[in-house]
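sharing a model that was predicted from the sequence below.
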Amino acid sequence: MIIRELEFREFADCKALLDMIDDRDFVFKYKHDLEMKFEIMVGWFLKEKLGITSRSIPPVLDDGRRIDLLSLYVMVEKDGGYQEVTIDNLWPAIAKDLGFEYQDGDFVRIIYAMYLDVLVYYYKFKSVQQKVQDKEMVEQQEDPSAENEQGRKCKSVNGPMQEEGTAEHYALYAGNSWEGSWRLHKKRRRFNFNEARKAVDEANKSVMMKMKP
């Protein structure tokens, strides 16, 4: 009921949904409802915060296949975020987990950059901002003399993005399964496409040998 009733009128509503998705068991239990709500949230953010109305939600390929944005989000977060996934060359593995081929990794990376990168950046900024403000509030209650210092710090924290949507976000231009991938507690190793292709070729060769009369 909480998921279905959630509407997006300000970024705090987006943050509430993303906070829910941090709970893995919650995602597995309510994935169908979360998929639809996640797509609505991404569409709202692109249109209302970035002024982008030309992108289909969800992304659909020419052959009709759609990219599950929720699965893409949770897998990239599990592997450390956009930058870490790019550095470790994990986009081919994520593409495979989404039901595509290893060579589609760069395409999946572009989809993430177009649909999710700025949203995730904004969410993490707001989360850090809230933690700083909560900490300062506790410190102020313990030491009333810290009030003036808190005011100065809040101005510093709010400064770069005091008005939502005004900051520049250059990043915007910039058997596997997502469940199995996300259940792992440690990051995947740097992906080696040549090794993966070699393993597939050897498996195909083995099958063909067994099929010979």
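Looks like it came in fine. Remember, predicted model here, so these are calculated numbers, not experimental data.

tell me where this structure has helices.
2-5, 11-21, 24-29, 31-44, 69-78, 82-87, 91-97, 105-115, 117-142, 147-158, 178-183, 193-211 (DSSP state H).

for residue 95, give me its contacts.
For residue 95, the contact set (CB atoms under 8 Å, 6 or more residues apart in numbering) comprises 101, 102, 103, 104, 105, 107, 108. Using the backbone N, CA and C atoms, a C-beta is placed for each residue, glycine as well.

among the residues you listed, which one has the most neighbours?
If you count neighbours using other CB atoms under 10 Å, the busiest of the contacts of residue 95 is residue 108, which has 24 neighbours.

let me know the pLDDT of that one.
Looking at residue 108, its pLDDT is 95.

once you drop chain neighbours, what's closest to it?
residue 95 (4.5 Å; CB to CB, 6 or more residues apart in numbering).

what's the separation between that neighbour and residue 118?
Distance, residue 95 to residue 118, using CB to CB, to the nearest Å: 21 Å.

helix or strand with the lowest mean pLDDT in this protein?
Ranked by mean pLDDT, DSSP states H and E, the weakest helix or strand in the chain is helix 147-158, scoring a mean of 50.

ok, the nearest residue to residue 3 once chain neighbours are set aside - how many residues close by?
In space, and not counting its chain neighbours, residue 3 is closest to residue 33: 4.7 Å by CB to CB, 6+ apart. Residue 33: 14 surrounding residues under other CB under 10 Å.

residue 33 is in contact with residue 6, isn't it?
No. Taking CB atoms under 8 Å as the definition, residue 33 is not a contact partner of residue 6, at 9.9 Å.
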